[in-house]
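1. have a look; sequence and predicted model below, questions after that.
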2 protein chains.
Amino acid sequence: MSNLTENAVGRLVPTEINGIPATPFMGVGKYRPDGSKAAPPIRTCADYPVDGNKVVADIKTALKNAGLRDGMTISSHHHFRNGDKVSNPVFEAAASLGVKDLRWFPSAAFPCHAPIIDHLESGVLHHIEGSMNGPLGDYCSTGRMRGMGVLRSHGGRWQAIQDGEVHIDIAVIAAPTADPFGNANAVTGPSACGLLGFALADSIYADHVIVVTDNLIPFPCIPWQIQGNNVDQVVVMDSIGDPEKIISGTTRLTKSPDRLLIAEMTARFIRDVGILKDGFSFQAGAGGTALAFAIFLKDMMKEAGVKARFVRGGSTKYLVEMLEEGLTDYILDGQTFDLDGVRSMRENPHHKDTSPFTSYNFHGKGHFASMLDATVLGATEVDVDFNANVVTHSDGRLLHGIGGWQNCLAGKCVILPIPSVRDRIPVIVDHVTTLCGPGELIDVVITERGIAINPRRTDLLEAVKGTGLPIRPIQDIKDEVEALSGGPPAPPRLGDKVVAAIRWVDGTVIDCVRAVAP
Amino acid sequence: MSNLTENAVGRLVPTEINGIPATPFMGVGKYRPDGSKAAPPIRTCADYPVDGNKVVADIKTALKNAGLRDGMTISSHHHFRNGDKVSNPVFEAAASLGVKDLRWFPSAAFPCHAPIIDHLESGVLHHIEGSMNGPLGDYCSTGRMRGMGVLRSHGGRWQAIQDGEVHIDIAVIAAPTADPFGNANAVTGPSACGLLGFALADSIYADHVIVVTDNLIPFPCIPWQIQGNNVDQVVVMDSIGDPEKIISGTTRLTKSPDRLLIAEMTARFIRDVGILKDGFSFQAGAGGTALAFAIFLKDMMKEAGVKARFVRGGSTKYLVEMLEEGLTDYILDGQTFDLDGVRSMRENPHHKDTSPFTSYNFHGKGHFASMLDATVLGATEVDVDFNANVVTHSDGRLLHGIGGWQNCLAGKCVILPIPSVRDRIPVIVDHVTTLCGPGELIDVVITERGIAINPRRTDLLEAVKGTGLPIRPIQDIKDEVEALSGGPPAPPRLGDKVVAAIRWVDGTVIDCVRAVAP
């Protein structure tokens, strides 16, 4: 078992992760990085085809050419979310080459990646570092993965690659359009899924970069979201992904009356405390409540005659409509969540693709996340100190990734609109099961039973006076819910084994996840 | 005096440049780099304003904040060419801060930078590394600069920064539009000059990056040719440059009958040897002959019903017309040479800005330059072995930069259309005064007295059969010209002092320039 130490938010965290020392969380903005960014090897054009044609026969050939061997790290990306058709063949090919103990470093894994479990079982893969949604989360959660899982935010993934914390040997980038040189994008082609921002760091820092496409066009592929000058090989497949499945799960508008109420209160809050004004900015996710919020906010913007300077996506048709109706100058988009988003990004120069570098990398010279006037996020749990959890439920099971959530906490006003109860289990607790975001960064919790403002935000407490918004202490809401639900959630039944570490945006360890009892 | 050694093309070159060991040229593609790319320091958002506003009062304040001190390297860029209004104030500010022995690392210097000579004289500047056009070239040429000048191609400049050969302490980037976060572009704003590709490496690798603009707009500045996440400070000035002056000198269509003949022969050559076909590509510079060539070629493309896949700029209105008339799918543009180019780049997504990274960096995973079917370049001299010179004239004076010239020699068919005589001095010589490009990479020399094909290109010698093109051995043309001019050019009167080194695209030293006798 790993050595554990208590970090600045009182959590016991491992001091070593998969054999490498790890720094415990030291408090927001407290950890100071030193040293230099990761430095990939210098290449020479003398080793690359002068005609620019880097196409090779198939994934297996590409992995062989890349020098795949035991213990290497292979990265891939979740631009297709549950529609990805590339990661599984990559590990099938790796298995057929007889290698062992690989580390998979996806930007996120989805239920479609369940076949990867076989490679974890057979020893081809040692462990996964990345969001594990669904079966892989469950596999990790029950303690069956040999190595420790590591969960990072999107920005944390950039930071880890940039800072040399994770060295990628081979990056595999599924690209809806590419040319033989390796220039690639995701706005065109039959599998167009929007953008390739999650693969950008990999393309810059990995030792070896393989682009996989099902739409090879003559040079030049423009736009080049991935630059061929960073690419070693290009592989053509029949189909790399199903773009319909980028709408997996979360991106359906809620019909729940409670959640609609929460969404409306969130929009009202933003309006009534004075955030809603010309030139403002906001970010909302693609969950059902967030989508409903965006619709309510849009109506209020129209009513007030207010135009945003920019909104941050995950874009959906609702954001696209705002852009097309002139309610915002720009969408700065990290991830298209539906095909309207893809179309808009392809056609509208005011719908700009971004990357975790621009938006979220905490080890940069600033990032977009901190400039947002209002940031609307979800959570699986929140506690009375406003600490929040996004990766586990109260039963301790690891079921979700962090996404950009931790990074977004840098926003000027961070709001969590959440139901007070899910499946009859209270969502506001004394202590979150897994602490993903420190309470000092979370300003407002909005439930169907009222709005709780973090006591640190005396400015907001002042601003709501006279607005008629149902402001309540968070403890009151919690007590009320517990009275109705028959008490707080049952404590999770957890073993001692640490199955996953939760990194903060600066690479330190903010919490960890224990195996659930079988 | 520096130690000199003979390199692979028989030139005596310094083994040390400004105190740092230098590798002599080893032959095309022979030098193998090792090691890793330059690694800038890891930063943290904790040190940057959360609201993204990095604007400071003025250049002097910015330099102070950047920690300017003796011996540092400051870079700047020639996007405005002779219309730059930023570099001079930077060194005035540096002088007023009392620092000494700086290295100026411009992508190119122009006659407008003549005031820099005062700073070289006073000791504020130690030396310049970069193209020195006009008075600064003259200053260096006469041996007055304390350090040794270093001339690099555009790609070589990227290579030098990327490989850590040149460490930039402070990059100053003049940007026609920027936001307070430092996102910047050159397609919009009153000083719009096209693109900022020459500053891209600096923005990525320099320790400290200052954006200077005369058009500050609210975040986000889109497109962001320079990313604010790489920028430390933003300075606003009244005017950063005169975009009318990007047309400085070279970009006027020739009226000389000889040069028009040469231009037409060049176009005919490309057509008649079979390069002109659907999907082909070419690059031509912005000299008067090259412009005329593009016009002849355009007519031939129309006549043949042929469309290019891409053409490489330096864009001018002539290339823009080709794009707008549907004669090419794309312009891949490293540098706009007139305001039509600027407009087209702003408005037309098929007119794509590029950088020395994409186009020219020899220490990358391929580059665009080698994919060109035909590359049309100039030269001040060429010798009977097809070696060519672009930086000095036969009198030995250093008057020109290398630009992308060395990089473009990677093209599939490299053609030098040059007059056989300039100012009554023969241009074809026994040995070029300064060897900037090895003859093995130069395929064709086209003069008004005939076309010389490099004997290595037996395929071209075969292809011209029956075309009626006036093919002649290069020696014949030389002999004829010398007979008419009264012999070869007088040898230059040179001293012993090496005043500048000429780097090859891989960073090795291919030749050097000696001081001219006063």
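-> In hand now; what should we look at?
2. okay, the residue of the stretch 201-350 of chain A found nearest chain B and residue B:411: tell me how far apart.
-> Closest contact between the stretch 201-350 of chain A and chain B, by Cβ to the nearest Cβ, is at residue A:229 (4.6 Å). For glycine as for every other residue, the C-beta is placed from the backbone atoms N, C-alpha and C. For residue A:229, the distance to residue B:411 equals 17 Å [Cβ to Cβ, to the nearest Å].
3. so what's residue A:78 closest to, chain neighbours aside?
-> Nearest non-adjacent residue to residue A:78, counting by Cβ to Cβ, 6 or more residues apart in numbering or on different chains: residue A:108, 3.8 Å away.
4. residues touching the closest residue to residue A:3 other than its chain neighbours, list them.
-> The shortest distance from residue A:3 to any non-neighbouring residue, by Cβ to Cβ, 6+ apart, is to residue A:15 (4.9 Å). Residue A:15 makes contact with A:2-5, A:21-22, A:24 under the criterion Cβ atoms under 8 Å, 6 or more residues apart in numbering or on different chains.
5. try it again with 7 Å
-> Neighbouring residues of residue A:15 by Cβ atoms under 7 Å, 6 or more residues apart in numbering or on different chains: A:3, A:5, A:21-22, A:24.
6. run through the neighbouring helices and strands of the worst-scoring helix or strand of chain A on mean pLDDT.
-> Ranked by mean pLDDT, DSSP states H and E, the helix or strand of chain A with the weakest confidence is strand A:131-132, at a mean of 90. Under the contact definition 3 or more Cβ pairs under 7 Å, 6 or more residues apart in numbering or on different chains; DSSP states H and E, strand A:131-132 sits against strand A:108-109.
7. give me the next element, helix or strand, following the strand it packs on.
-> Next along the chain after strand A:108-109, taking DSSP states H and E as the criterion, comes helix A:116-122.
8. flag every buried residue along that following helix.
-> Residues of helix A:116-122 classed as buried: A:116-117, A:119-120 (neighbour count, 16 or more other Cβ atoms under 10 Å in any protein chain shown).
9. rounded mean pLDDT for it, please.
-> Averaging pLDDT along helix A:116-122 gives 98.
10. just stretch A:263-272 next, same as before
-> Mean pLDDT, computed over stretch A:263-272, is 98.
11. got the CA positions of it in PDB?
-> In PDB, the C-alpha atoms belonging to stretch A:263-272 read as follows (Å, rounded to 0.1, in the frame of the first residue of the first chain):
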ATOM      1  CA  ALA A 263     -31.600  26.300 -14.200                       C
ATOM      2  CA  GLU A 264     -33.900  29.300 -14.100                       C
ATOM      3  CA  MET A 265     -32.700  30.400 -10.700                       C
ATOM      4  CA  THR A 266     -29.200  30.200 -11.900                       C
ATOM      5  CA  ALA A 267     -29.900  32.500 -14.800                       C
ATOM      6  CA  ARG A 268     -31.800  34.800 -12.500                       C
ATOM      7  CA  PHE A 269     -29.000  34.900 -10.000                       C
ATOM      8  CA  ILE A 270     -26.500  35.900 -12.700                       C
ATOM      9  CA  ARG A 271     -28.900  38.600 -13.900                       C
ATOM     10  CA  ASP A 272     -29.900  39.900 -10.500                       C
END
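12. got the contacts of residue A:15 as CSV, with neighbour count, pLDDT and secondary structure columns?
-> Formatted as CSV, these follow (neighbours: other Cβ atoms under 10 Å in any protein chain shown; pLDDT from 0 to 100; DSSP: H, G, I helix; E, B strand; the rest coil):
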residue, neighbour count, pLDDT, secondary structure
A:3, 9, 89, coil
A:5, 13, 98, strand
A:21, 8, 96, strand
A:22, 21, 97, coil
A:24, 20, 98, strand
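13. can you pull the pLDDT of the one residue sitting closest to the centre of chain A?
-> By Cα atoms, centre = their mean, chain A has its centre lying nearest to residue A:403, at 1.5 Å. Predicted confidence (pLDDT) for residue A:403: 94.
14. okay, it and chain B: tell me how far apart.
-> Here residue A:403 is placed at a distance of 19 Å from chain B (Cβ to the nearest Cβ, to the nearest Å).
15. check contacts around that residue.
-> Contacts for residue A:403 were tallied using Cβ under 7 Å, 6+ apart; they are A:153-154.
16. got the phi and psi for it?
-> Per-residue torsions, residue A:403: phi 60, psi -140 (degrees, to the nearest 10).
17. how far away is it from residue A:391?
-> 10 Å.
18. now tabulate the contacts of residue A:15 in JSON lines and tack on distance to residue A:217.
-> Formatted as JSON lines, those follow (distance: Cβ to Cβ, whole Å):
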{"residue": "A:3", "distance to residue A:217": "53"}
{"residue": "A:5", "distance to residue A:217": "53"}
{"residue": "A:21", "distance to residue A:217": "46"}
{"residue": "A:22", "distance to residue A:217": "44"}
{"residue": "A:24", "distance to residue A:217": "49"}
